[in-house]
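Asker: attaching a predicted model along with its sequence, questions to come.
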Amino acid sequence: GESVGLHLPTLSVQEGDNSIINCAYSNSASDYFIWYKQESGKGPQFIIDIRSNMDKRQGQRVTVLLNKTVKHLSLQIAATQPGDSAVYFCAESGTGSARQLTFGSGTQLTVLP
Amino acid sequence: DGGITQSPKYLFRKEGQNVTLSCEQNLNHDAMYWYRQDPGQGLRLIYYSQIVNDFQKGDIAEGYSVSREKKESFPLTVTSAQKNPTAFYLCASNSGGAGTDTQYFGPGTRLTVL
(Lines give C-alpha, C1' and ligand atoms only; values in the text may rest on other atoms or scores of the structure.)
Protein backbone atom coordinates (compact mmCIF):
# COMPACT_ATOMS: atom_id res chain seq x y z
CA GLY A 1 0.00 0.00 0.00
CA GLU A 2 0.94 3.63 -0.08
CA SER A 3 3.11 4.98 2.68
CA VAL A 4 2.79 8.07 4.79
CA GLY A 5 6.01 9.40 6.24
CA LEU A 6 7.11 12.08 8.63
CA HIS A 7 10.08 14.35 8.05
CA LEU A 8 11.36 14.41 11.63
CA PRO A 9 11.10 11.72 14.28
CA THR A 10 11.58 14.18 17.19
CA LEU A 11 10.82 17.84 17.78
CA SER A 12 11.63 19.92 20.86
CA VAL A 13 10.08 23.35 21.40
CA GLN A 14 10.02 25.89 24.19
CA GLU A 15 6.78 26.29 26.08
CA GLY A 16 4.78 29.11 24.51
CA ASP A 17 6.39 28.78 21.09
CA ASN A 18 4.57 27.48 18.03
CA SER A 19 5.19 23.92 16.84
CA ILE A 20 5.11 22.67 13.29
CA ILE A 21 4.97 18.95 12.57
CA ASN A 22 5.31 17.82 8.97
CA CYS A 23 4.09 14.80 7.05
CA ALA A 24 4.64 13.63 3.48
CA TYR A 25 2.28 11.30 1.71
CA SER A 26 2.73 9.45 -1.56
CA ASN A 27 -0.79 8.41 -2.60
CA SER A 28 -2.06 11.13 -4.90
CA ALA A 29 -5.54 9.57 -4.67
CA SER A 30 -5.77 10.22 -0.93
CA ASP A 31 -8.66 12.52 -0.22
CA TYR A 32 -8.80 12.67 3.55
CA PHE A 33 -6.14 13.31 6.17
CA ILE A 34 -6.16 13.14 9.95
CA TRP A 35 -3.81 14.15 12.71
CA TYR A 36 -3.76 12.11 15.91
CA LYS A 37 -2.05 12.74 19.24
CA GLN A 38 -0.84 9.77 21.27
CA GLU A 39 0.35 10.11 24.83
CA SER A 40 2.55 7.44 26.31
CA GLY A 41 0.68 4.20 26.95
CA LYS A 42 -2.61 5.52 25.58
CA GLY A 43 -4.61 5.20 22.40
CA PRO A 44 -4.39 7.87 19.66
CA GLN A 45 -6.67 10.84 20.10
CA PHE A 46 -8.23 12.65 17.13
CA ILE A 47 -6.99 16.23 16.77
CA ILE A 48 -8.09 17.59 13.43
CA ASP A 49 -8.86 16.42 9.91
CA ILE A 50 -8.90 17.91 6.43
CA ARG A 51 -10.31 16.85 3.08
CA SER A 52 -8.44 17.21 -0.17
CA ASN A 53 -10.76 19.97 -1.41
CA MET A 54 -9.36 22.25 1.31
CA ASP A 55 -5.84 23.58 1.89
CA LYS A 56 -6.26 24.83 5.44
CA ARG A 57 -8.37 24.06 8.44
CA GLN A 58 -8.23 25.54 11.91
CA GLY A 59 -9.21 24.18 15.27
CA GLN A 60 -8.55 25.27 18.79
CA ARG A 61 -4.81 26.18 18.83
CA VAL A 62 -4.20 23.82 15.90
CA THR A 63 -4.09 24.38 12.17
CA VAL A 64 -3.63 21.79 9.46
CA LEU A 65 -2.22 22.80 6.09
CA LEU A 66 -2.45 20.62 3.02
CA ASN A 67 -0.31 21.12 -0.07
CA LYS A 68 -1.51 18.65 -2.68
CA THR A 69 1.05 19.80 -5.24
CA VAL A 70 3.93 18.45 -3.18
CA LYS A 71 1.86 15.95 -1.18
CA HIS A 72 2.66 17.55 2.12
CA LEU A 73 0.66 17.95 5.29
CA SER A 74 1.55 19.94 8.37
CA LEU A 75 0.16 20.42 11.85
CA GLN A 76 0.74 23.74 13.56
CA ILE A 77 0.22 24.04 17.29
CA ALA A 78 0.06 27.56 18.64
CA ALA A 79 1.46 28.50 22.06
CA THR A 80 2.68 24.99 22.78
CA GLN A 81 2.00 23.77 26.30
CA PRO A 82 3.53 20.96 28.38
CA GLY A 83 0.37 18.94 27.86
CA ASP A 84 1.08 18.93 24.13
CA SER A 85 4.07 16.64 24.65
CA ALA A 86 3.16 13.42 22.83
CA VAL A 87 3.67 11.53 19.59
CA TYR A 88 1.76 12.99 16.67
CA PHE A 89 0.67 10.82 13.74
CA CYS A 90 -0.70 11.77 10.40
CA ALA A 91 -2.97 9.33 8.61
CA GLU A 92 -4.41 9.32 5.14
CA SER A 93 -7.40 7.65 3.58
CA GLY A 94 -7.69 6.85 -0.08
CA THR A 95 -10.43 5.61 -2.28
CA GLY A 96 -12.19 2.34 -1.75
CA SER A 97 -15.13 1.13 0.26
CA ALA A 98 -13.13 0.08 3.30
CA ARG A 99 -11.80 3.60 3.87
CA GLN A 100 -8.73 2.25 5.59
CA LEU A 101 -6.26 4.63 7.14
CA THR A 102 -2.53 4.48 6.50
CA PHE A 103 -0.46 5.86 9.36
CA GLY A 104 2.93 7.49 9.46
CA SER A 105 5.49 6.44 12.07
CA GLY A 106 4.95 9.53 14.23
CA THR A 107 6.86 12.55 15.55
CA GLN A 108 7.70 12.84 19.23
CA LEU A 109 7.00 16.40 20.37
CA THR A 110 8.72 17.48 23.60
CA VAL A 111 7.82 20.79 25.18
CA LEU A 112 10.66 22.30 27.17
CA PRO A 113 9.97 24.51 30.22
CA ASP B 1 -20.55 7.83 28.64
CA GLY B 2 -19.86 6.75 25.07
CA GLY B 3 -16.59 5.35 23.82
CA ILE B 4 -14.41 2.37 23.08
CA THR B 5 -13.13 0.15 25.84
CA GLN B 6 -10.38 -2.44 25.67
CA SER B 7 -9.50 -5.03 28.24
CA PRO B 8 -7.30 -5.99 29.83
CA LYS B 9 -4.88 -3.03 29.91
CA TYR B 10 -1.93 -5.39 30.37
CA LEU B 11 -1.76 -9.03 29.35
CA PHE B 12 0.96 -11.58 29.80
CA ARG B 13 1.10 -14.75 27.78
CA LYS B 14 3.29 -17.79 27.83
CA GLU B 15 4.64 -19.03 24.56
CA GLY B 16 2.25 -21.47 22.88
CA GLN B 17 -0.88 -19.98 24.42
CA ASN B 18 -3.74 -18.28 22.67
CA VAL B 19 -5.07 -15.08 24.23
CA THR B 20 -8.13 -12.97 23.43
CA LEU B 21 -8.21 -9.19 23.64
CA SER B 22 -11.55 -7.54 24.19
CA CYS B 23 -12.87 -4.47 22.35
CA GLU B 24 -16.30 -3.01 23.02
CA GLN B 25 -17.91 0.18 21.71
CA ASN B 26 -21.20 1.88 22.54
CA LEU B 27 -20.98 4.45 19.76
CA ASN B 28 -23.29 2.49 17.48
CA HIS B 29 -20.46 2.34 14.94
CA ASP B 30 -20.64 -0.17 12.11
CA ALA B 31 -16.93 -0.46 11.39
CA MET B 32 -14.27 -1.71 13.79
CA TYR B 33 -10.54 -2.20 13.42
CA TRP B 34 -7.58 -3.83 15.13
CA TYR B 35 -4.08 -2.40 14.89
CA ARG B 36 -0.74 -3.42 16.21
CA GLN B 37 1.82 -0.84 17.30
CA ASP B 38 5.49 -1.61 17.87
CA PRO B 39 7.92 0.87 19.50
CA GLY B 40 8.79 3.79 17.25
CA GLN B 41 6.47 2.62 14.52
CA GLY B 42 3.12 3.56 13.14
CA LEU B 43 -0.03 1.51 13.38
CA ARG B 44 -0.39 -1.58 11.25
CA LEU B 45 -3.81 -2.98 10.41
CA ILE B 46 -4.50 -6.55 11.53
CA TYR B 47 -8.21 -7.05 10.79
CA TYR B 48 -11.23 -4.90 10.19
CA SER B 49 -14.97 -5.39 10.09
CA GLN B 50 -17.41 -3.14 8.30
CA ILE B 51 -20.54 -4.92 9.46
CA VAL B 52 -21.67 -7.64 11.83
CA ASN B 53 -20.71 -11.18 10.81
CA ASP B 54 -18.19 -9.93 8.27
CA PHE B 55 -14.50 -9.12 8.60
CA GLN B 56 -11.47 -8.72 6.35
CA LYS B 57 -7.75 -9.32 6.75
CA GLY B 58 -5.51 -6.31 7.04
CA ASP B 59 -1.82 -6.06 6.28
CA ILE B 60 -0.57 -8.35 9.07
CA ALA B 61 -3.37 -10.86 9.75
CA GLU B 62 -1.19 -13.96 10.03
CA GLY B 63 -1.33 -15.46 13.53
CA TYR B 64 -4.47 -13.52 14.49
CA SER B 65 -8.20 -14.24 14.34
CA VAL B 66 -11.32 -12.18 15.00
CA SER B 67 -15.07 -12.50 15.24
CA ARG B 68 -17.89 -9.99 14.90
CA GLU B 69 -21.01 -11.58 16.29
CA LYS B 70 -22.33 -8.34 17.76
CA LYS B 71 -22.12 -4.78 16.54
CA GLU B 72 -20.63 -3.65 19.84
CA SER B 73 -17.88 -6.22 20.10
CA PHE B 74 -14.83 -7.15 18.02
CA PRO B 75 -12.53 -9.49 19.98
CA LEU B 76 -9.04 -10.30 18.72
CA THR B 77 -7.36 -13.63 19.39
CA VAL B 78 -3.60 -13.78 19.25
CA THR B 79 -2.77 -17.38 18.45
CA SER B 80 0.35 -19.38 19.11
CA ALA B 81 1.10 -19.09 15.40
CA GLN B 82 1.93 -15.39 15.83
CA LYS B 83 5.71 -15.47 16.07
CA ASN B 84 6.28 -12.10 17.70
CA PRO B 85 3.12 -11.08 19.52
CA THR B 86 4.62 -8.68 22.08
CA ALA B 87 3.18 -5.29 21.12
CA PHE B 88 0.60 -2.63 21.93
CA TYR B 89 -2.79 -3.50 20.43
CA LEU B 90 -5.29 -0.82 19.54
CA CYS B 91 -8.94 -1.16 18.62
CA ALA B 92 -10.76 1.55 16.69
CA SER B 93 -14.18 2.21 15.23
CA ASN B 94 -15.97 4.55 12.89
CA SER B 95 -19.55 5.00 11.90
CA GLY B 96 -18.89 3.53 8.48
CA GLY B 97 -21.08 5.97 6.62
CA ALA B 98 -20.04 7.76 3.45
CA GLY B 99 -17.47 10.45 4.14
CA THR B 100 -16.88 9.32 7.71
CA ASP B 101 -13.29 8.17 7.74
CA THR B 102 -12.29 9.31 11.20
CA GLN B 103 -11.45 6.39 13.43
CA TYR B 104 -11.74 6.65 17.19
CA PHE B 105 -9.43 4.57 19.32
CA GLY B 106 -9.63 2.66 22.54
CA PRO B 107 -6.96 2.90 25.28
CA GLY B 108 -5.05 -0.15 24.07
CA THR B 109 -3.86 -3.46 25.47
CA ARG B 110 -0.19 -4.14 26.02
CA LEU B 111 0.58 -7.79 25.39
CA THR B 112 3.82 -9.31 26.60
CA VAL B 113 4.95 -12.83 25.85
CA LEU B 114 6.97 -14.37 28.65
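Answerer: All right, it came through fine. Numbering: from 1, shown residues only, chains lettered A, B, ... in the order given.
Asker: all strands of the chain, in order?
Answerer: Picking chain A for this. Shown for chain A, the strands assigned by DSSP state E span residues A:4-6, A:10-14, A:19-25, A:32-38, A:45-51, A:56-58, A:62-67, A:72-77, A:86-93, A:101-103, A:107-112.
Asker: if you could check chain B rather than the one you did, that'd help
Answerer: B:4-7, B:10-13, B:19-25, B:31-37, B:43-51, B:54-57, B:64-66, B:76-78, B:87-94, B:104-105, B:109-113.
Asker: quick one: which of the ones you listed is nearest residue A:103?
Answerer: With C-beta to C-beta as the criterion, residue A:103 lies closest to strand B:43-51 of the strands of chain B, at 4.4 Å. Yep, even glycine has a C-beta here, placed from its N, CA and C like the rest.
Asker: okay, now the sheet partners of the closest one, with direction.
Answerer: Strand B:43-51 pairs in its sheet with strand B:31-37 (antiparallel), strand B:54-57 (antiparallel), by DSSP bridges.
Asker: would TSV of those strands with mean pLDDT and mean neighbour count be doable?
Answerer: Formatted as TSV, the strands paired with strand B:43-51 follow (pLDDT from 0 to 100; neighbours: other C-beta atoms under 10 Å in any protein chain shown):
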stretch	mean pLDDT	mean neighbour count
strand B:31-37	95	25
strand B:54-57	94	14
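Asker: can you list those in TSV and add distance to residue A:75?
Answerer: Shown next, in TSV, are the strands paired with strand B:43-51 (distance: least, C-beta to C-beta, whole Å):
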stretch	distance to residue A:75
strand B:31-37	20
strand B:54-57	30
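Asker: residue B:95: which of these is closest?
Answerer: With C-beta to C-beta as the criterion, residue B:95 lies closest to strand B:31-37 of these, at 7.3 Å.
Asker: the closest one to strand B:87-94, inter-axis angle?
Answerer: Interaxial angle of strand B:31-37 relative to strand B:87-94 (axes from the mean of the first three to the mean of the last three C-alpha atoms, to 10 degrees): 160 degrees.
Asker: and the angle for strand B:31-37 with strand A:86-93?
Answerer: Relative orientation of strand B:31-37 and strand A:86-93, computed by the same axes, to 10 degrees: 130 degrees.
Asker: so strand B:31-37 versus strand B:19-25, what angle?
Answerer: Interaxial angle of strand B:31-37 relative to strand B:19-25 (the same axes, to 10 degrees): 130 degrees.
Asker: what's strand B:31-37 in contact with?
Answerer: Here strand B:31-37 makes contact (C-beta atoms under 8 Å, 6 or more residues apart in numbering or on different chains) with A:99, B:23, B:25, B:43-51, B:58, B:60, B:64, B:66, B:68, B:74, B:76, B:87-96, B:103, B:108.
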